[in-house]
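Engineer: Quick one, structure for this:
(chains A and B)
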Amino acid sequence: MSVYKAKPNIHHDSARLHVTGEAQYVDDLASTEGTLHLAFGLSKTASGKIKTINLGQVKQSEGVIKVILASDLPAANDVSPSPFWEPLLAVDMVEYVGQPIFIVVADTNLNARKAARKAKIEIEEHKPLLTIDEALAEETFFEEPLTYKNGDPDSAIKSSPRKVSGEIEIGGQEHFYLEGQVAIAIPQENGGMLIYSSTQHPSEIQHKVADALGVPMNFVRVEVRRMGGGFGGKESQANALACSCAIAARMTGKPCRFRYDRDDDFLITGKRHDFRIKYQVGFDPRGKINGIIIEQYVRCGWSLDLSFPVSDRAMLHSDNTYFLPASKITSYRLKTNTQSATAFRGFGGPQGMLGIERVIDHIAHDLKKDPLEVRKVNFYAPPHAVSHQKTHYGMEVEDCIINEIVDELAMTSDYHQRRREIREWNEKNHLLKRGIALSPVKFGISFTLTHLNQAGSLVHVYQDGSIHLNHGGTEMGQGLMIKIAQVAANTFGQSVDAVRISPADTEKVPNTSATAASSGTDINGMATKIACDKIVRRLIDFLGQRHQSKPEEVLFEHGEFKVKNETYSFREVIKDAYMNRVALSATGFYKTPKLHWDRKIGKGRPFFYFAYGAAVSEVIIDVLTGENRLLRADIIHDVGNSLNPAIDLGQIEGGFVQGYGWLTTEELYWDDKGFLRTHAPSTYKIPACRDRPVDMRVKLWEKGWNREETIFNSKAVGEPPLMLGISVFLAISDAIASMTGIYPALDAPATPECILKTLTQNYQVPFDFQSGRN
Amino acid sequence: MSKINFFINNEPVTAEDPAGTTTLLEWIREKTSLKGTKEGCNEGDCGACTVIIESLEDNQLVHSAVNSCILFLHQLHNKSVRTIEGVSGPEGQLHPVQEAMIKFNGNQCGFCTPGIVMSLVSAHTNDNGDLDTILAGNLCRCTGYDPIINAGKDSLQKPKPAWLRDVETKLPHQLSTNTDKPRYIPDSIEAFSDWYEKNPEATLVAGGTDVGLWVTKELKTLPSPCFISDIPELKKIKISGNTMTVGAATTLTKFDHVISKYYPSLSELINRFGSVQIRNAATVGGNIANGSPIGDLPPALIALSANLILRKKSSCRKIPLEEFFMDYGVQNRKSGEFVEGIEIPLQYEWLRCYKLSKRRDQDISAVCGCFLMELNCQTIENVRIAFGGMAAIPKRATKTEAFLCGKFLSQDTILEAMTLLEEDFKPISDMRASSDYRIQSAKNLLLKYFFERNRTYGFASIDHYLVS
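Structural biologist: Down below sits the predicted model:
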């Protein structure tokens, strides 16, 4: 196999459509005459028993065709992505503010929304459990606390010369995909249903819609051309809209269309899980960890959704890049009366990782060392080490290149010099303080639910040599389609323009997994390569027969076949093969090798490999107000042998910004009734243009090469860069620490308020102007 | 039937909007095949729906990016709308902004992209290189913005495309020929004031950036809306002696242009509230008349001892701005009376406006503190301190002011005054900030004013370090 070398400047396949506004999203599809529009009637109560529902005014409202309650549903009332029930419409009980209780079907979107607000619902209110503390007090666990243990952490901590303990609160995060949730259902002949959905998981939409209609899956077809952003928020959260549309379409016989208004989207759908992480750690004078005990309290919300695998992944990333010789990680999965927390880029990994980064930072502060030194003494052994170390869940770390990446980054970012300068600068400046931090990332690649690590692809070559490509992955902006098209083009030796990308479609590739867990390119790329290779193999066999040569005497390179001194173009051979009745269509199927994992005991190899990266961030804070700005960020990230550097860089930069947004400006605020007050961009603040670092230097790891056999030895890039944003949070903590004697123990998100609070609580240095404070 | 005639991508169109509450975005997406303009939030915060409005101001063609989601059709009378579909050339040639967005990979999911292109096209058309400000109202969740900024910078090197230059010559003529005014749009201040006196329950819409949300979020129908943003008398700006009189319908963008040389700090504040799109629509009068406790202009204008001019029919009265705000949602405005303008003294030197919010740009203030002190040899002769976000209304710190007045300005004086702010204000806790933070930071802002004024501790604003 020739080594794949990425060609520069292959842009996103839809770039031209994006910039001209021609790219079609679900809501841009033309409405057929008579299309109906849906809206949910939502619970205003966080917890309670439904006593009466009076829909009189809803039904009389202008344009209303139909109102659907749980009792009206034709079949399953369940939108759960897991084996646990999650009702589409509330039955008897309401469990969070924003829970759908009924569906309004009306002639226009506006009429449906207006009508939905006119219900009179009487609810016997119960005291809601909103916080981790409230849920802990009532012990509302979704399952028994899960513990992963290796070695004897208690005695390791006890016998350590030094120890620290502490805790950190980590807020959730709203996805804020720019395109809100949306679906369309169009009834087909003989009971069929066609669904257009903005979803990362067409097969699950198919599955849930079939259940909702009480039909087999082969009655339902789901098509997804593209999403306007997903980030995990459309892995399971799109189910409710597609099911509602299908049900209403079945009942009315009309096409039905449903998009959430942005405020409803915030109120109804799940977000990143918020965590509280407690830790106790024992270490030696160099900062090397001897033993650690971590407790993770996970606020899962009202239903289970994907909280188990999310919480598992948080446990699995409690080590990040650090060898933990003795550890105990316990995870508490708490049910609360809030939106059901769901998948979000990193899927628990970021929270687990922030936990251990906080620990390292705390150790360094205790030892008065540069945190980078402490990080380095704890890094896993490199690939060339005599023996590989095992993670706390027993997986051998064979590919740890973090040492090399961090050394290079420290050098290229001038980390040590800048750190010294910042310390000197802080001595002289009293109103503003700067901070710097380097944080590493090691992220495990594969679905931890092993069976999901499979993918299919369907490749047709038409008789004119043009190529049609379909696979199970969905496009949400990450450039999956162009990367897979490059795989097909490369395998056939054709230009990427010869490959026609088509929407994900459950009728073409069945039983797909969600485009999630950063797996899109890895698994669909491999499946596509397998399909293309099958066709190439047939063409070689065909040419071999024709020239009375052995297949191995037929050479296929750069789109040309060479046999017995004759050269044929791909097109020529295709045309000939068609005339000679050679099959020019193939499916490819791939399953990730080497995986075995027992989530209950926490042992095995849940990941095929790890992706690595590191970032250095520098910030400045105003000590009077807590305002802060990100001044510079340097990043080196490992994507293996990059399939498309432009696309990969985009993922890295965007992931980084989204990651520090999570830890700085993005604050979710529920009032004491459980109403999410930050339910729109007016109140929930994702990074805006000026929040990006003034000076941003992002590089791919030039030596990147996946030692495992992935598609052209590339590495997954979707989620890992998000965690580079942790460096910003640690840099803010560093800036605060320059003023406080004790460890600042900053919580996330580090809003100006949170920063000022942490500062004023911990002031110990003499600095007279603050004497006026309480 | 109320008909509005306007242009969309150079073509004349007529829209019917009997209730006067149809937004441009709703109309574009539901009544036309132009699907490139997206709905992201429907409240003017994400910019996915950005379009450019081309209108005549003093016979000059002006290009303004606005949020179409909270722009009513009636605001388009005598104007032209350019959407993403009207940016490329007649043969499909890409605009330099579009080319650069592709070249620099400024697109990922693509949903924010049309809005971003529109904002960058407006920057390109207006030769405005301040791209961070231009794009403050366009959220992108995928790229991290760097490639978009690079694309914007690149495009600014390229000339304006011929097909858009064409518009510059043709459109003014087309716009000036349209005289058919729909109802709801008064012709003159006299006609309006007479009508409003008889219809005091009417909803007055100037920029619509607040009223728009009553429609898109609260799903209200407006009782007899009246669109006043083009009444010439309400847009006048007059300077006589040391006083500037600003008509209520002056947009924040325009106001910024005229006030920045007198009060750069106020200009900085204006540039941090809303976004370009919002400031191109929102008006000075609207920011005051809506009575919000968190509008950013009132504390600044109160600190400047501005006077509000209220008008009913033909009679006007003038009150100090702070007297307009009586209680939450209650203003000193009689039935049939409206805000005609504001009088701003121009002679002060040391106005400083500080805004605290979770995000620097396009966020609503948790606290907005505005300070003005006049000294005579370090003795405080005049002091005005006003806050937004600290009470149910924009409010002066009267006790603190009283304490400071006549004192020798020193750090000790300020430290003592800070404690008095606790008597002046009992702020609430909400999603923007807790009561504790509000009071603590309000005190610290007073200190900050002192430090800035005295250059203590080598004072510098945090944003100073954002300059690359």
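Engineer: Checking the residue in chain B that chain A sits nearest to next. Helix, strand or coil?
Structural biologist: Proximity to chain A, evaluated over chain B using Cβ to the nearest Cβ, is greatest for B:Gly36 at 2.1 Å. Heads up, the C-betas are built off the backbone N, CA and C, glycines and all. Following DSSP: H, G, I helix; E, B strand; the rest coil, B:Gly36 is assigned to coil.
Engineer: now swap in A:Ala364 and tell me
Structural biologist: Taking three-state DSSP, the label given to A:Ala364 is helix.
Engineer: what's near enough to touch it?
Structural biologist: Applying Cβ atoms under 8 Å, 6 or more residues apart in numbering or on different chains, we find A:Ala364 in contact with A:287, A:370-371, A:373-374.
Engineer: And the strands in the stretch 101-250 of chain B?
Structural biologist: Listed in chain order, the strands of the stretch 101-250 of chain B (DSSP state E, counting those that start in this stretch) span B:203-205, B:225-227, B:237-240, B:243-247.
Engineer: Touching the last one from outside, list them.
Structural biologist: What it means is strand B:243-247. B:233-239, B:255, B:258-259, B:262, B:284-285, B:309, B:340-346.
Engineer: Can you flag the buried ones in those residues?
Structural biologist: B:233-237, B:255, B:259, B:262, B:284-285, B:309, B:340-344 (16 or more other Cβ atoms under 10 Å in any protein chain shown).
Engineer: Could you identify the most distant pair in the residues you listed?
Structural biologist: B:Glu233 and B:Tyr262 (22.9 Å; Cβ to Cβ).
Engineer: Any regions of chain A where pLDDT drops low?
Structural biologist: When residues are selected by pLDDT under 70, those of chain A lie in A:1-3, A:7-8, A:763-774.
Engineer: Could you check which residue of it lies nearest chain B?
Structural biologist: Taking Cβ to the nearest Cβ, chain A has A:Gly21 as its residue nearest chain B, at 2.1 Å.
Engineer: Now do stretch B:319-336: everything it contacts.
Structural biologist: Outside stretch B:319-336, the residues touching it (Cβ under 8 Å, 6+ apart) are B:196-198, B:200, B:288-289, B:291, B:293, B:298, B:301-302, B:305-308, B:310, B:312-313, B:339, B:342, B:386, B:392-396.
Engineer: same deal with stretch A:535-551?
Structural biologist: Taking Cβ under 8 Å, 6+ apart as the rule, stretch A:535-551 contacts A:459, A:461, A:491-492, A:553-554, A:556, A:561, A:563-564, A:566, A:568, A:573-574, A:576-577, A:580, A:582-586.
Engineer: Please flag which of the residues you listed sit within helices.
Structural biologist: Counting by DSSP state H, these place A:491-492, A:573-574, A:576-577 in helices.
Engineer: List the contacts of the closest residue to B:Phe72 other than its chain neighbours.
Structural biologist: Among residues not flanking B:Phe72 along the chain, B:Gly208 sits closest, at 5.5 Å (Cβ to Cβ, 6 or more residues apart in numbering or on different chains). For B:Gly208, the contacting residues are B:70-72, B:75, B:281, by Cβ under 8 Å, 6+ apart.
Engineer: Point out the other helices and strands that the helix or strand hosting B:Ala402 packs with.
Structural biologist: In the assignment (DSSP states H and E), B:Ala402 maps to helix B:398-404. Helix B:398-404 sits against strand B:379-388, helix B:411-424, with contacts defined as 3 or more Cβ pairs under 8 Å, 6 or more residues apart in numbering or on different chains; DSSP states H and E.
Engineer: after the last one, next one along is what?
Structural biologist: Meaning helix B:411-424. Counting by DSSP H and E, what follows helix B:411-424 is helix B:435-454.
Engineer: Could you list the domains of chain B?
Structural biologist: B:3-86+B:162-227, B:96-156, B:236-459 (automatic domain parsing).
Engineer: In a markdown table: the ones you listed, plus distance to A:Pro749.
Structural biologist: Below are the domains of chain B laid out as a markdown table (distance: least, Cβ to Cβ, whole Å):
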| stretch | distance to A:Pro749 |
| --- | --- |
| domain B:3-86+B:162-227 | 19 |
| domain B:96-156 | 16 |
| domain B:236-459 | 8 |
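Engineer: what's the most buried one of the ones you listed?
Structural biologist: Ranked by mean neighbour count under mean count of other Cβ atoms under 10 Å in any protein chain shown, those are led by domain B:96-156, which reaches a mean of 25.
Engineer: What parts of the stretch 351-500 of chain A come near chain B?
Structural biologist: A:428-432, A:476-479 (Cβ under 8 Å from any Cβ of the partner chain).
Engineer: Does B:Tyr348 belong to a helix, a strand or coil?
Structural biologist: coil.
Engineer: who's in contact with the closest residue in space to A:His18 that isn't next to it in sequence?
Structural biologist: Closest residue in space to A:His18, ignoring its immediate chain neighbours: B:Gly110 at 3.3 Å, by Cβ to Cβ, 6+ apart. When the contact criterion is Cβ under 8 Å, 6+ apart, the partners of B:Gly110 are A:12, A:14, A:17-18, A:23, A:226, A:228, A:477.
Engineer: circling back to that earlier point, let's see which of the contacts of B:Gly208 end up in helices.
Structural biologist: B:Ala281.
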